[in-house]
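Participant: Mind looking at a prediction? Sequence and model below.
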Amino acid sequence: MTNPSLERTFRGHKSAVTGVSFHPSVQQVASCSLDGLVMVWNFKPQLRAFRFKGHGGPVHAVTFSPTGDVLASASQDRTVRLWTPTVRGDSVTIKAHAGAVRSVNFSASGRELLTASDDMSLKVWALPTRRFRCSLTGHSNWVRSAQFSPDARRIASGSDDKTVKLWDTETKRCTHTFFEHSGIVNSVAFHPSDNGNTLASCSYDKSVNLWDTRAGRLMHHYKAHEASATCVAFHPTGNYLLSTSHDNSIKLWDVREGQVLYTLQGHDGAVNCAEFSQDCKLLASGAVDSCVLVWEADLDKCLQIERPNPKVEATTVVEERRKSASKKAGNCDDEARAANMPMSSPPPTPTSTVPTPQQKPQHPYAASKYEVRPMSSTIRSPVSSDTATSVPPPPPAMSLETPKSPGRETRSPTSQNGTTMNGRYSMDNTLQHIVGQLEIITRTLSVLEKRISINEDRICERCAEVLVKYFDHVRESLTNADWRPFQKSNRLDIAAVNGHLDVCIYWRMQFQGNTQMWWSFYLD
């Protein structure tokens, strides 16, 4: 496989699909819909799909727990249901909010559940007891999306008030608010491997933003889509990001380069949701066409195949991709029937195209095909609105011709074996090396911060131990003193001077008359 390709199509919902979630084992994918149903689709043909009905209204979100033994769903009926993803489909109900519940998310440990609602609040619940822990309020409109950071120390939320907020789970307070979006914020997602220091969000303003949560600033602004952006999700490696939109497309971004890798178009309508599988090989998406599409999207494998061969002819790639897409699309209906679910007439066969510079851009609402835009240096399509404003496009390859001089023959730049040098390919390698070094520096700084925090804790513990011993010594030495301290006048000052810890103790006491004594000493 050289591109993401359509692998399966699941049909069974009667209305728009609003959420999808992979089981951690990647043996199942769950979906929810405005028809009020929660479906669990099995990838094995001999197993039927599970249909769960219990909500009293449209279902807006669905997600598996980290262990896969619980499936949570959020509904317009103001409740959250926790399902057992088996044939019986047993469930328990949490009466969560005073308004429709828009989002549900598990912490990485699976011990906490986060919900967001139209009542403008977020709530945290303890599992498996389902006890209410805390409520986070601060938004001035509906809260569309909320997610725990990987370490569960922070929470991010996006709202109809056009803001993205960060919350501290210990203090239960908002630590920062981002105002850069000009439309409703539909989705937020933390980077999976940097302790929540990077956050992605998308909005009705058609953009995708990347935020630095430590510095509290906007890192990248992507002019992502031709219509409202509905969902963002990180790849498990953190190197890639997907975004979905009402323009019927799914875009896969290279976070390191700030550019679109692929644009997938297979739905017959606005795409509401998408998610990567934990094994990094699949991608599931749901749309208003009531279908759940599963794509084969092993991005690391795709790029390893394409990048070492920058001189592949575009016409050959187009023909091979068309054959591959046609073959896979021909098997989609058979696989869906194996799930024993009712099927409508099959959509037109998806096609794969690689646009050339002479080709006109496709209409943003064209349906029934998906478009793949590779990052290969010779068949890369021109990038216009799909690039980040903070990441300029790569400069054109420089001419290496030497000027003619008397008695010298003009030679074209060639290597010793006679092959033409590829300046752009060399520049790509250089940029990749620089990005790798920056990632190493970032990780090193993170480790240093943790070590500093550990050292501070150790210093405080040691200081407390020394103070206890010192006061015991003073008490024993002043046997003739009338030991009557006054709490209001006692004071302890600690300051770091020249690498030593200066501890000054001011202790007022009566000792052979009214006197004020103080002691100071140093800790190495």
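Facilitator: Yes, it's here. Residues are numbered from 1 along each chain as shown.
Participant: Count residues in the vicinity of residue 455, would you?
Facilitator: By other CB atoms under 10 Å, the residues close to residue 455 number 10. Quick note: C-beta positions are derived from backbone N, CA and C, even for glycine.
Participant: Enumerate every residue touching it.
Facilitator: Listed by CB atoms under 8 Å, 6 or more residues apart in numbering, the contact set of residue 455 is empty.
Participant: Residue 181 now?
Facilitator: For residue 181, the contacting residues are 162-164, 201, 203, 205, 207, 209, by CB under 8 Å, 6+ apart.
Participant: domain ranges for this structure?
Facilitator: The chain breaks down by automatic domain parsing into domains covering 5-371, 445-523.
Participant: just those: most buried one?
Facilitator: Sort those by mean neighbour count, taking mean count of other CB atoms under 10 Å, and domain 5-371 sits at the top with a mean of 19.
Participant: The one helix or strand residue 63 maps to: what's the following helix or strand?
Facilitator: Using DSSP states H and E, residue 63 maps to strand 59-64. For strand 59-64, the following helix or strand on the C-terminal side (DSSP H and E) is strand 71-75.
Participant: got the contact list for that next one?
Facilitator: The contact list for strand 71-75 (CB under 8 Å, 6+ apart) reads 19, 21, 30, 32, 36, 38, 40, 52, 55-65, 80-85, 96, 100-104, 106, 113, 115.
Participant: mind redoing it with 7 Å?
Facilitator: 30, 32, 38, 55, 57-64, 80-83, 85, 101-104, 106, 113, 115 (CB atoms under 7 Å, 6 or more residues apart in numbering).
Participant: Give me the sheet partners of that strand and which way each runs.
Facilitator: strand 59-64 (antiparallel), strand 79-83 (antiparallel) (DSSP bridges).
Participant: got the ones you listed as TSV, with mean pLDDT columns?
Facilitator: Shown next, in TSV, are the strands paired with strand 71-75 (pLDDT from 0 to 100):
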stretch	mean pLDDT
strand 59-64	98
strand 79-83	97
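Participant: sorry, back to before: which two from the contacts of residue 181 end up farthest apart in space?
Facilitator: 163 and 207 (14.2 Å; CB to CB).
Participant: would a markdown table of the domains of the chain with distance to residue 434 be doable?
Facilitator: Output for the domains of the chain, formatted as a markdown table (distance: least, CB to CB, whole Å):
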| stretch | distance to residue 434 |
| --- | --- |
| domain 5-371 | 10 |
| domain 445-523 | 17 |
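Participant: Looking at those, which is nearest to residue 435?
Facilitator: domain 5-371 (4.7 Å).
Participant: closest to residue 432 out of the domains of the chain?
Facilitator: That would be domain 5-371 among those, by CB to CB, at 7.6 Å.
Participant: okay, and for the chain, where does confidence drop off?
Facilitator: 1-2, 302-425, 474-524 (pLDDT under 70).
Participant: give me that answer again for 80
Facilitator: For the chain, residues meeting the criterion pLDDT under 80 lie at 1-2, 300-429, 446, 449-451, 453-458, 460-524.
Participant: Touching, residue 155 and residue 146? I think so.
Facilitator: Yes - contact status for residue 155 versus residue 146: in contact at 6.2 Å, counting by CB atoms under 7 Å.
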